[in-house]
Every structure is written in structure tokens, then in C-alpha cells.
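J.: What follows is a predicted protein model with its sequence.
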Amino acid sequence: MNSPLTTARTKRIEKLLGELERFRNEYRSGQRKQQISALSPRRQELIHTIRDHKEASFDFLARNFCVVPVSTLHYDLLQLMKKGYIQKMGSTRGVSYTLRDQQYVL
């Protein structure tokens, strides 16, 4: 049996946890925007290309970034995946890349 005091405390704690979650999300979104602007221009452009097309195959990206060596493009995509900006969908020849969080991209 819950006393009125315990119920009031529980509601207050739930309210504070909700506010904390909201502040944490706001902080993360601001931090992510700063991180994107800190990336190299080529990696920023990769993110923008993937964002504009929702899903991009490696061949599509290689055609759009034809002056970039294939090994460099693979490395850039790997680094963007490690940092959590994009995710890899599929394997082998059917690989495509999508953004992990649409809301954080400038």
C-alpha cells in the first residue's frame, strides 16, 4: 500500500527523470551537430549525399566521388560507421549505407 507521500515522491522523480532525458537529448543533438561540422569536407559531403538519397550503395558513392580513390572512400565510410553517423545495410555486393540518426544531420 502506497502512502500519499510515496506516490508524490514517485511522481516527482518520474518528472525529474523525464526532464533529465530531455536535456540529455538536447545536449547530444548539439554535440552531434558540432561533431559533423568538425569532420573533413569530404566526409561531410558523404553524409550529405547519403542523407539526400536515403540509401546509397558503394558504387553510387564511388561514381559521385570519382576523384577519391576507392580505398580512401572505404576508409572514410568505415570511420563514419565507427563514429556512429552512418550504418551499413547488407553485405558483400549488395551493401548500402544509410544515416543512423536523420535528425542530427545539418
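T.: Happy to help now that I have it.
J.: In contact with Val70, which residues?
T.: When contacts are counted by Cβ atoms under 8 Å, 6 or more residues apart in numbering, Val70 touches Ala62. C-beta here means a position set from N, CA and C on the backbone, and glycine is covered the same way.
J.: Leu17: which element?
T.: Element membership of Leu17, judged by DSSP states H and E, is helix 4-38.
J.: what comes up buried for the helix or strand following that helix?
T.: Reading on from helix 4-38 to the C-terminus, the next helix or strand found by DSSP H and E is helix 41-53. Neighbour-count burial for helix 41-53, counted by 16 or more other Cβ atoms under 10 Å, picks out 43-44, 46-47, 50-51.
J.: What of stretch 53-73?
T.: 56-58, 61, 65, 68, 73.
J.: same question, stretch 81-91
T.: Result for stretch 81-91 [16+ other Cβ under 10 Å]: buried residues 85-86.
J.: So which of the buried residues of stretch 53-73 sit within helices?
T.: Judged by DSSP state H, the subset of the buried residues of stretch 53-73 located in helices is 58, 61, 73.
J.: can I assume the last one is in contact with Phe65?
T.: Yes: in this structure, Leu73 is within contact of Phe65 by Cβ atoms under 8 Å, at 5.9 Å.
J.: what's across from Ala56 in the sheet?
T.: Tyr97 (DSSP bridges).
J.: Can you give me the domain boundaries for this protein?
T.: Annotated domains of the chain cover 1-38, 39-106 [automatic domain parsing].
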